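1. when you get a sec, could you give me coordinates for this:
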Amino acid sequence: MRAISNKKIYLLLLTILLLTSCNLPASSLPTEQKELTAPTMTSEAVQILLMTQMAGTLAPPTATVPPPPTMTPAITNTLAPTETLTPTVPTPRSDLCTDKAEFVKDITVADNSVFSPGATITKTWRIRNSGTCAWTPQYALVFVNGDLMNAPNEVPFTSYVDPGNAVDLTVTFTAPAQEGAYQSQWLIRSADASRFGIGKDGNQPLVLKITVSQTAANLNLGAPTWSDTFKNSANWYLLETAHTKFSIKNGNLIMKAIPGGGDEWGIANDKAISDFYMEVTFTTGDQCSGKDRYGLLFRAPNPNSGYVFGVSCDGRYRIYKWDGANYQAIQEWKAAEAIHSGPKQTNLLAVWVKGSTIKLYANGSLLGEYSDVTYSKGRFGLFIGAVDSNPFIVNVSDIRYWLLGE
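-> Model (predicted):
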């Protein structure tokens, strides 16, 4: 048994001791040993470690830029390449109802009314809603053509007008400073900005027609310088020829003519005058047609010459000068709405002459303005000429004049 030496026994015991120390709990290890012992690894850490180890056998990672965040585009009216952008327009009201108007009457200011320059004119039309749309305060009367005469461009409706009802539409104007004929045309603008008028097709405007003139009523001339109401024949040389005869009866100078005599006149026995305004009232008889005519002679230096202004039964006027043998037109026959044409009609004819200026009027309306220096002073008279009527009779009820600048 002594064959095993002490040295061998000692080595055996040391080995056993070392083997036994490996199974001791960690808490019994010295502090230095605890710091060197590998920490327990979680499953996440293990996965990271494995991936790190595998990286050695894979291609090296590359830097990846993350994509920009996804954005929802704004909603736009993008059209297909083949489509064309069309402007938006109001839907015609005819898709829903119909706008239509019917003229009833003029409440104020009849056509061809005469106003002095600068006068205020209040025109009122009465119309009926003959369509199926109700008219609202969004509707307006709008100016479309002619002379605005200081009126607004549009006048809104002030109330609702149901189909079948009538309404009065009023516009205020100012008469122009210059004499002449004027008119202003208006249509109705609906709520959808479409326009319509009166008449069968709904396209006729409402119209104001006036004449601006300086008549005796607005010239402030005062009492006339001379007048005659034909109580007798004291102021006249009564004409009597083969074709024409003048007579006085019942406060009228009666001019009677048959075709073939041309224009023939009778002269007043008053003095010669130069600058004046004169008015004469004529009334046609039972026959009056075509070129049957009548009027006045003025600034006649002798009974067989002077200026001749007259109107015809078909509603025209002219002025010419006559030297006893030759006719020279200043204005050939020209139609005028102011003249009342046909039989049994009354026309107030007037002439204003000063210097070389001659203005002609019918029923207060200025027909035209002319210039001529042939005759500067003379006497006056009345004329008649029958062409289409046999006999042609015209009654003169009064005549008067105002001297200008005397």
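2. and the gap between Ser130 and Gly285?
-> Look at Ser130 and Gly285: by CB to CB, to the nearest Å, they are 42 Å apart. Where C-beta positions appear, they are placed from N, C-alpha and C, glycine not excepted.
3. no wait, Thr357
-> If you measure Thr357 against Gly285 using CB to CB, the figure is 34 Å.
4. out of those two, which sits in the more crowded spot?
-> In this view Thr357 and Gly285 are compared by other CB atoms under 10 Å, and Gly285 has more residues nearby, 18 against 12.
5. is it true that the more buried one touches Asn390?
-> No - using CB atoms under 8 Å, Gly285 is not in contact with Asn390, being 11.7 Å away.
6. pull the contacting residues for Cys288.
-> Cys313, Ser341, Gly342, Pro343, Lys344, Gln345, Ser389, Phe392, Val394 (CB atoms under 8 Å, 6 or more residues apart in numbering).
7. Ala350 too?
-> Residues near Ala350 by CB under 8 Å, 6+ apart: Thr215, Ala216, Tyr277, Met278, Glu279, Val280, Leu360, Tyr361, Ala362, Gly364.
8. can you put those residues in JSON lines and add neighbour count, distance to Arg299 and secondary structure?
-> Formatted as JSON lines, the contacts of Ala350 follow (neighbours: other CB atoms under 10 Å; distance: CB to CB, whole Å; DSSP: H, G, I helix; E, B strand; the rest coil):
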{"residue": "Thr215", "neighbour count": "22", "distance to Arg299": "20", "secondary structure": "coil"}
{"residue": "Ala216", "neighbour count": "20", "distance to Arg299": "19", "secondary structure": "helix"}
{"residue": "Tyr277", "neighbour count": "23", "distance to Arg299": "13", "secondary structure": "strand"}
{"residue": "Met278", "neighbour count": "23", "distance to Arg299": "11", "secondary structure": "strand"}
{"residue": "Glu279", "neighbour count": "21", "distance to Arg299": "16", "secondary structure": "strand"}
{"residue": "Val280", "neighbour count": "23", "distance to Arg299": "15", "secondary structure": "strand"}
{"residue": "Leu360", "neighbour count": "25", "distance to Arg299": "13", "secondary structure": "strand"}
{"residue": "Tyr361", "neighbour count": "27", "distance to Arg299": "17", "secondary structure": "strand"}
{"residue": "Ala362", "neighbour count": "22", "distance to Arg299": "19", "secondary structure": "strand"}
{"residue": "Gly364", "neighbour count": "19", "distance to Arg299": "23", "secondary structure": "coil"}
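9. what sits closest to Ala166 if chain neighbours are left out?
-> Excluding the flanking residues, the one nearest Ala166 by CB to CB, 6 or more residues apart in numbering is Arg128, at 4.4 Å.
10. what mean pLDDT does stretch 182-197 get?
-> For stretch 182-197, mean pLDDT rounds to 95.
11. start to end distance for that stretch?
-> Stretch 182-197 stretches 20 Å from its first residue to its last (CA to CA, to the nearest Å).
12. in that stretch, what's buried?
-> Within stretch 182-197, the residues that qualify as buried are 182, 184-192, 195-197, counting by 16 or more other CB atoms under 10 Å.
13. among the residues you listed, which ones are in strands?
-> If you go by DSSP state E, the buried residues of stretch 182-197 have Tyr182, Ser184, Gln185, Trp186, Leu187, Ile188, Arg189, Arg195, Phe196 in strands.
14. listing partners with orientation, what would you give for the longest strand along the chain?
-> Using DSSP E to define each element, the chain has its longest strand at strand 392-403. Note on strand 392-403: by DSSP bridges, its sheet partners are strand 226-228 (antiparallel), strand 252-257 (antiparallel), strand 276-284 (antiparallel).
15. state the mean pLDDT of it.
-> 97.
16. how about the CA coordinates for it, as CSV?
-> The C-alpha coordinates for strand 392-403 follow below in CSV (Å, rounded to 0.1, in the frame of the first residue of the first chain):
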residue,chain,number,x,y,z
PHE,A,392,-109.1,119.3,-100.9
ILE,A,393,-110.2,121.5,-98.0
VAL,A,394,-108.2,122.8,-95.0
ASN,A,395,-109.5,125.1,-92.2
VAL,A,396,-107.2,127.6,-90.4
SER,A,397,-108.5,128.5,-86.9
ASP,A,398,-105.8,130.9,-85.7
ILE,A,399,-102.5,132.4,-86.5
ARG,A,400,-100.1,134.3,-84.2
TYR,A,401,-96.5,135.5,-84.1
TRP,A,402,-93.9,136.9,-81.7
LEU,A,403,-91.2,139.3,-82.8
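17. in it, what counts as buried?
-> Neighbour-count burial for strand 392-403, counted by 16+ other CB under 10 Å, picks out Phe392, Ile393, Val394, Asn395, Val396, Asp398, Ile399, Arg400, Tyr401, Trp402.
18. surely the first one meets Lys291?
-> Read that as Phe392. No - taking contacts as CB under 8 Å, Phe392 lies outside contact range of Lys291: 10.3 Å.
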